[in-house]
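> Give me the fold of what follows.
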Amino acid sequence: MNQRKMAFFGLCVGFFIAMMDITTVPLIYTSLIAEFKVTPVMAAWVNNSYLITYAGFLLLGGRLGDAYNRKNLIVSALIILSIGALVSGCGQTLMQVIVGRALMGVGAALLTPQSMAYISILFAQGGRGTALGIWGAVAGIATATGPVVTQFFLQVADWRWIMWINIPIALLGLVIITMYLPAAPGKGLKGREFLINGAFGFSLAAIILGLQLIHGAGGINPITVLLLVLGSVIVVWLLRYELRHRAECILPVKIWQDRVFLRTCLVSGLLGFGVTAFYLPLAFLIEIRMNFGPFAISMIMITIALANALTGPIAGHFSDKIVPEVIIRYGLSTFALAVLLLGGIGIFATGGSIAFIAMIIAMALAGAGAGLAFAPLANLALSRAVPTAIGRAAAFFNGSRQLMSALGSVIVAVLFDYVVNQSPLEGASSISEKLQPYSPVVASAALVCFLLIALCLVTGAWLSHSHSSNDKNISQS
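Modelled structure (predicted):
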């Protein structure tokens, strides 16, 4: 195996940790509640702290990568991830666990934009789309592996090992990257650029924190309003300053003028909205409406991960050869079709083998659709940026998806809750009575959520005009 492939393997190892952590921690909430005697809302902060610091440091991480040696940033990120995993696993209080997870979020934020930038550097002569497809497949495999790893360690040990397992994986990535990844020095960073990127990251973190509090605290309160308003005002002011003064602190002017790049970030955000929002109605559909057992649920979830992992590299490969927007449009349309199919299954079926087979087919379509869209979107976004700004472009691309993902989780949760509360059901006076096995209320609520998700995906497909990549590549002109 040559140096380039080994370097790419090291990047995938690091990215595997960042993605696996997203799906492991929510499954240990009950263990944390039992051990630390806390409420579910408090336990959720173990995952929220990761997501908030990830969003807050993502853009700054991309800018630091453009300014300094990317290799050193990745090494630092893996060390921070390892320290965070050690702290959270050894935590004797919930606050210590939360602090460790917040550190892991910082490490993931430093790692992600450098990985995308390095892929663009390593495969500059060709094969970037295929590499991004494999990178996306790693994300699919990691998110599917997370619940399996969690269940294994909960059976043979305890929740702490779910944190500690990250350490040897991070050390493996650290060794490979130290040995094989080439250095990529930058040109330094001005103090103003550091402050503006930090402030922009803070504002995104404030918005995401506000959205998480709406979801977790059960509604809007003065704190959530303050966070959302403060974050939004700072974002608007910074963007106005950036564009009016042509400061180039967040992105170079040529990228701000590149309609294809901005449209790609918006479409990626809509995909992130759809993917994140997708799992809440799906969980209620398969667990309550269909009343499937653990084995059937596992098969359904594995199907979407495998379909994603299989189609991602293929889509990435062809995005180097044909117009990427064509693949993106087919991917988003396929995902939207799968979502509508799931909504229809929920209305007309209540479990059984036929419903199970139909859901397997729908989940395969959903995974294939997401896999078709992810790599071409990333490839198209990176192709619009010059090498000196690739880290910032990658961070902005990921940040837009992260923000829309948080928005999707909150909107769908509120919508699902509203439909359940408003839906009449004979003999049921409380929400718990409405959420009994085979409940038609769940089917109605899931269908409404799926319709919204499908609308977002179809909008993304419509925005992916096939002629847009034929526009002049402003970023590279």
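> Number of residues surrounding residue 120?
A total of 22 residues lie near residue 120 under the criterion other Cβ atoms under 10 Å. Backbone N, C-alpha and C define where each C-beta goes, glycine included.
> Tell me how many other residues crowd the nearest residue to it once chain neighbours are set aside.
With Cβ to Cβ, 6 or more residues apart in numbering as the criterion, residue 120 has its nearest non-adjacent residue at 4.7 Å, and that residue is residue 382. Counted with other Cβ under 10 Å, residues neighbouring residue 382 total 22.
> which SSE is residue 382 in?
Following DSSP states H and E, one finds residue 382 within helix 353-383.
> Same check on residue 271?
Here residue 271, judged by DSSP H and E, is contained in helix 259-284.
> what's the average pLDDT for that helix?
For helix 259-284, mean pLDDT is 88.
> list the helices and strands whichever strand or helix holds residue 311 packs on?
Using DSSP H and E, residue 311 falls within helix 294-319. Judged by 3 or more Cβ pairs under 8 Å, 6 or more residues apart in numbering; DSSP states H and E, helix 294-319 is in contact with helix 128-156, helix 324-348, helix 353-383.
> Just give me the residue right at the centre of the chain.
Geometric centre of the chain, nearest residue: residue 402, 5.8 Å, by Cα atoms, centre = their mean.
> State the three-state secondary structure for the closest residue in space to that residue that isn't next to it in sequence.
Excluding the flanking residues, the one nearest residue 402 by Cβ to Cβ, 6+ apart is residue 55, at 5.0 Å. Here residue 55 is recorded as helix under DSSP: H, G, I helix; E, B strand; the rest coil.
> can you count the residues close to residue 55?
Neighbour count of residue 55, defined by other Cβ under 10 Å: 26.
> Quick check: the gap between it and residue 346.
To residue 346, residue 55 is 32 Å away according to Cβ to Cβ, to the nearest Å.
> Equivalent analysis for residue 120, please.
Separation of residue 120 from residue 346 (Cβ to Cβ) stands at 41 Å.
> Over to residue 148?
Distance of residue 148 to residue 346, computed by Cβ to Cβ: 26 Å.
> Please say which of the two ends up with more neighbours.
A side-by-side neighbour count of residue 148 and residue 346, using other Cβ under 10 Å, places residue 346 first with 26 against 15.
> can I assume that one is in contact with residue 287?
No - here residue 346 lies out of contact with residue 287, judged by Cβ atoms under 8 Å, at a distance of 11.9 Å.
> low-scoring stretches of the stretch 101-250 of the chain, by residue?
The stretch 101-250 of the chain contains residues with pLDDT under 70 at 186-191, 215-219, 246-248.
> show me where it has helices.
Secondary structure of the stretch 101-250 of the chain (DSSP state H, counting those that start in this stretch): helices at 128-156, 160-164, 166-180, 191-217, 222-244.
> can you list those in CSV and add distance to residue 390?
Shown next, in CSV, are the helices of the stretch 101-250 of the chain (distance: least, Cβ to Cβ, whole Å):
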stretch, distance to residue 390
helix 128-156, 11
helix 160-164, 32
helix 166-180, 18
helix 191-217, 15
helix 222-244, 18
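> right, so of the ones you listed, which gets closest to residue 105?
Nearest of the helices of the stretch 101-250 of the chain to residue 105, taken as Cβ to Cβ: helix 191-217 at 9.7 Å.
> before we move on, back to that, report the angle between the axes of the helix holding residue 382 and helix 324-348?
Comparing the axes of helix 353-383 and helix 324-348 via axes from the mean of the first three to the mean of the last three Cα atoms, to 10 degrees yields an angle of 160 degrees.
> Show me which parts of helix 353-383 are buried, residue by residue.
By 16 or more other Cβ atoms under 10 Å, the buried positions in helix 353-383 come out as 355-356, 358-360, 362-383.
> list the buried ones in the next helix or strand after it?
For helix 353-383, the succeeding helix or strand toward the C-terminus, using DSSP H and E, is helix 390-422. With burial defined by 16+ other Cβ under 10 Å, the residues of helix 390-422 counted as buried are 390-413, 415-416, 419-420.
> Next: stretch 440-457.
Buried residues in stretch 440-457, counting neighbours by 16+ other Cβ under 10 Å, are found at 441-450, 452-454, 456-457.
> low-confidence ranges in the stretch 351-477 of the chain?
Ranges of the stretch 351-477 of the chain meeting pLDDT under 70: 423-438, 466-477.
> And residue 10, what's its pLDDT?
91.
> Number of residues surrounding it?
Neighbours of residue 10 under the rule other Cβ under 10 Å: 24.
> is it true that it touches residue 180?
Yes - contact criterion Cβ under 8 Å: residue 10 and residue 180 qualify, at 6.2 Å.
> Pull the residues that contact stretch 353-364.
Outside stretch 353-364, the residues that touch it by Cβ atoms under 8 Å, 6 or more residues apart in numbering are 286, 290, 292, 296, 299-301, 303-304, 307, 338, 341-342, 345, 349.
> which of the residues you listed has the weakest pLDDT?
Ranked by pLDDT, those bottom out at residue 301, which has 80.
> Tell me who's in contact with that one.
Residues in contact with residue 301 (Cβ under 8 Å, 6+ apart) are 144, 147, 363.
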